[in-house]
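In: attaching a predicted model along with its sequence, questions to come.
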Amino acid sequence: MEMFDRAELGSKTGQLSFSLSGTKQPVSGILRPPDQTNSKSKLVAEYIRLFQQITRGGLYIDGFAAPQSRDHEESWTARRVLEVEPKRLRAFWLCDVDPEGIIQLNKLKAAHHKNPKSRYVYIQHGDFNQLIHGILKTPKMRRNTAVFALLDQRTAECHWSTVEAIAARAGRTKIEILYFLGTSWLHRSLSQSRTPERLAQLNLWWGSDGWRSLIEKSQVRMVEAVGKRFTDELKYRYVKPYPIYQMEDGNRVSFYLIHASDHPEAQKLMDRAFVKVVGDAPGVDAGRQKTFSFELQPDMRQTTNSG
Ligand SMILES: C[S@@+](CC[C@H](N)C(=O)[O-])C[C@H]1O[C@@H](n2cnc3c(N)ncnc32)[C@H](O)[C@@H]1O
């Protein structure tokens, strides 16, 4: 397996085709949002712009939705996605456990709920690992409805059982997932975890104490191990990790976003969004990123998503 890095992907040439208005001014004195936060939110919003061209609608779930950088709402994924034009996605479930984050989410809702009239924004306060079960029962989620779920945890807050529940929801195609993996700090976080509470949390994150095997792995092998769970255990057909860099013009990967989908076009669209947002320098073989993906074996496909 080959890894792709910043040098292979080159500089940024793409301009995004959505805009932000009424940007909140930072209060902390930090004028720019962190580059990786900015790249992540641009990538998701650009992907959603392409996704909705194909689906002509659809639903959006954001399990960890309050802004990463509380003072930089302009780089906030939920906001960027809600501002994508034209406004085709019909319903959004934006969840967070933090009361301050919920205040910001409610302000966002005030600007977008029923605007346009057909659009619904639901803010849910609490642990997403509990909330998801109610969300998956909504009558809005019909068999043919396209659904996208962003699982943008900080490190290990999203239980594996939550990812399993999303993957198992019956439908014509599985819910698409974009799953955050904080590779650049995961080693240290895992190896320094000692308290029973922290170990219990990691067991919920991984679904067992199998996370211990990650400690021995390089960052690339960690991504591979997690990515393969989406194909092997959750039966997603197309799985691919996308690196997000610490500095927009640097080459150190901060974290990966693992994209899992059942639709061959979805991965192509994410490739396009990635190249547009992260870069495509002249003379650079951006296509090499395609080597780092996992595909479900044909015999396993027959058993997927029959519900
Ligand atoms: C990485 S931040 C999300 C960043 C955001 N997606 C953005 O684009 O800026 C993670 C968020 O998850 C929230 N969180 C942590 N544990 C949670 C849980 N169990 N359920 C829901 N939200 C949680 C935190 O309060 C924080 O706002």
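Out: Thanks, I have the structure now.
In: and Glu224, how far is that from Pro241?
Out: 8 Å (C-beta to C-beta, to the nearest Å). Using the backbone N, CA and C atoms, a C-beta is placed for each residue, glycine as well.
In: what about the nearest residue to His72 once chain neighbours are set aside, which helix or strand?
Out: Once flanking residues are discounted, His72 sits nearest to Pro33: 3.6 Å by C-beta to C-beta, 6 or more residues apart in numbering. Pro33 is part of no helix or strand when elements are defined by DSSP states H and E.
In: helix, strand or coil for the residue nearest to Tyr122 when sequence neighbours are not counted?
Out: Nearest residue to Tyr122 in three dimensions, chain neighbours excluded: Trp93, at 5.0 Å (C-beta to C-beta, 6+ apart). Under DSSP: H, G, I helix; E, B strand; the rest coil, Trp93 falls in the strand class.
In: wait, Trp93 sits on Gln124?
Out: Yes: Trp93 is within contact range of Gln124, at 6.2 Å (criterion: C-beta atoms under 8 Å).
In: need the overlap of contacts for the two.
Out: Leu131, Ile135 (C-beta atoms under 8 Å, 6 or more residues apart in numbering).
In: any idea how far the ligand is from the residue nearest to Tyr122?
Out: Here Trp93 is placed at a distance of 11 Å from the ligand (C-beta to the nearest ligand atom, to the nearest Å).
In: what are the buried residues along the helix or strand Trp205 falls within?
Out: Using DSSP H and E, Trp205 sits within helix 196-206. Neighbour counts over helix 196-206 (16 or more other C-beta atoms under 10 Å) mark Gln201, Leu202, Asn203, Leu204, Trp205, Trp206 as buried.
In: the helix or strand just after that helix - contacts with which helices or strands?
Out: Per DSSP H and E, the first helix or strand lying C-terminal to helix 196-206 is helix 219-232. When contacts are defined as 3 or more C-beta pairs under 8 Å, 6 or more residues apart in numbering; DSSP states H and E, helix 219-232 packs onto strand 176-181, helix 183-191, strand 238-245, strand 253-261, strand 294-295.
In: alpha carbons of helix 219-232, in CSV - could you do that?
Out: The C-alpha trace of helix 219-232 is given here as CSV (Å, rounded to 0.1, in the frame of the first residue of the first chain):
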residue,chain,number,x,y,z
GLN,A,219,0.0,6.5,11.8
VAL,A,220,-0.6,5.1,8.3
ARG,A,221,-1.1,1.6,9.6
MET,A,222,-3.6,3.0,12.2
VAL,A,223,-5.6,4.6,9.5
GLU,A,224,-5.5,1.4,7.5
ALA,A,225,-6.7,-0.6,10.5
VAL,A,226,-9.6,1.7,11.2
GLY,A,227,-10.5,1.9,7.5
LYS,A,228,-10.6,-1.8,7.1
ARG,A,229,-13.2,-2.0,9.9
PHE,A,230,-15.5,-0.1,7.7
THR,A,231,-15.2,-2.6,4.9
ASP,A,232,-14.7,-5.8,6.8
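In: what's the spacing between that helix and its chain's center?
Out: Averaging C-alpha positions (C-alpha atoms, centre = their mean, to the nearest Å) puts helix 219-232 15 Å from its chain's average.
In: what's the answer for stretch 133-144, then?
Out: Counting by C-alpha atoms, centre = their mean, stretch 133-144 comes out at 20 Å from the chain centroid.
In: kindly report the residues of this structure close to the ligand.
Out: 37, 41, 63-68, 76-77, 95-98, 101, 127-129, 152, 154, 157 (C-beta under 6 Å from any ligand atom).
In: circling back: other residues contacting the helix holding Trp205?
Out: Asn129, Ala156, Glu157, Cys158, His159, Trp160, Ser161, Leu190, Ser193, Asp209, Trp211.
In: switch to 7 Å and redo it
Out: Ala156, Cys158, His159, Trp160, Leu190, Ser193, Asp209, Trp211 (C-beta atoms under 7 Å, 6 or more residues apart in numbering).
In: and the angle from it to helix 219-232?
Out: Angle, helix 196-206 to helix 219-232, by axes from the mean of the first three to the mean of the last three C-alpha atoms, to 10 degrees: 60 degrees.
In: wait, doesn't Phe92 sit right on Val121?
Out: Yes: the pair Phe92 / Val121 is scored as a contact, 4.8 Å apart, by C-beta atoms under 7 Å.
In: for the record, mean pLDDT for the longest helix along the chain?
Out: When the chain is parsed with DSSP state H, its longest helix is helix 35-55. Mean pLDDT, helix 35-55: 93.
In: distance check, Asn144 against Leu178.
Out: Asn144 is 21 Å from Leu178, by C-beta to C-beta.
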